[in-house]
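Q: Dropping a prediction and its sequence here:
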Amino acid sequence: MRQQQPEFSRPVRVETLGPAPREMAIEAGEEERAALARRFALVAIDSLSAKAALSLRNETVTATGTLRAKVTQSCVATGLPVEAEVEEPFRVEFRPPPTVGEEEIELSDGECDVVFYDGASIDLGDAVAETLSLSLDPWPRSAEADAVLRQAGVKSEAEAGPFAALAGLKNKLK
């Protein structure tokens, strides 16, 4: 089965890296941003760039840097566009896949940003794209969201929470 090419691919050959950090800057083009917007169900990605330092120790490539993006998401309540700016530091480790015979791999919390690479290169662009997707607000809300939800009969946290129930009991005691 052929693996699909990432929308924002910036391969880096591992043999070109060493222990001293190699600085890189990458930026997604218009078509790449449009494809990523479709992948992540966004209205638009107006810009996406990253600066990173890559270094190699043994067979592990470490990429540390910052991504910057301007995105437009859909409000979860109204569907209206919600613009956001993302500036997110990242640290990703690229490691060779585990050897055959290891049945299960458990990653600790500190190892959640580990990407396994097979071959002679890593893909910094795809790692940046994945970092962007994890940095997005999962519940974007427009300024009109509260009014629309109230009109639909959805109670706010203050109206529906445990303290609202206590306030209701207090009022009954008076």
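A: That came through, no problem.
Q: What separation is there between residue 116 and residue 95?
A: Between residue 116 and residue 95 the distance, using C-beta to C-beta, to the nearest Å, works out to 6 Å. Quick note: C-beta positions are derived from backbone N, CA and C, even for glycine.
Q: Please say which of these two ends up with more neighbours.
A: With neighbours defined as other C-beta atoms under 10 Å, residue 116 and residue 95 compare such that residue 95 has more, 16 against 12.
Q: Hmm, that one is touching residue 60, no?
A: Yes - counting by C-beta atoms under 8 Å, residue 95 touches residue 60, with 5.2 Å between them.
Q: helix/strand/coil for residue 32?
A: Following DSSP: H, G, I helix; E, B strand; the rest coil, we place residue 32 in the helix state.
Q: So for it, what's the nearest residue that isn't a sequence neighbour?
A: Of all residues not flanking residue 32 in the chain, residue 8 sits nearest, at 4.7 Å (C-beta to C-beta, 6 or more residues apart in numbering).
Q: Tell me how many other residues surround the one you found.
A: Residue 8: 26 surrounding residues under other C-beta under 10 Å.
Q: Next one: it, what pLDDT does it get?
A: We have a pLDDT of 95 for residue 8.
Q: residue boundaries of the strands in the chain?
A: Taking DSSP state E, the strands of the chain run over residues 11-13, 22-27, 44-57, 60-74, 81-95, 114-116, 121-123.
Q: OK, contacts around residue 96?
A: 59, 116-118 (C-beta atoms under 8 Å, 6 or more residues apart in numbering).
Q: model confidence over stretch 67-79, on average?
A: In the prediction, stretch 67-79 has an average pLDDT of 93.
Q: Correction: the previous question concerned stretch 44-54.
A: Per-residue pLDDT over stretch 44-54 has a mean of 98.
Q: Just the buried residues of it, please?
A: Going by neighbour count (16 or more other C-beta atoms under 10 Å), the buried part of stretch 44-54 is 45, 48, 50, 52, 54.
Q: cool, stretch 21-35 as well?
A: Residues of stretch 21-35 classed as buried: 21, 26-28, 32-33, 35 (neighbour count, 16+ other C-beta under 10 Å).
Q: quick one: low-confidence ranges for this structure?
A: Low-confidence segments of the chain (pLDDT under 70): 1-3, 100-112, 153-174.
Q: thinking again about what came up before, compare the strands of the chain and give me the one nearest residue 144.
A: With C-beta to C-beta, the closest approach to residue 144 among the strands of the chain belongs to strand 81-95: 10.3 Å.
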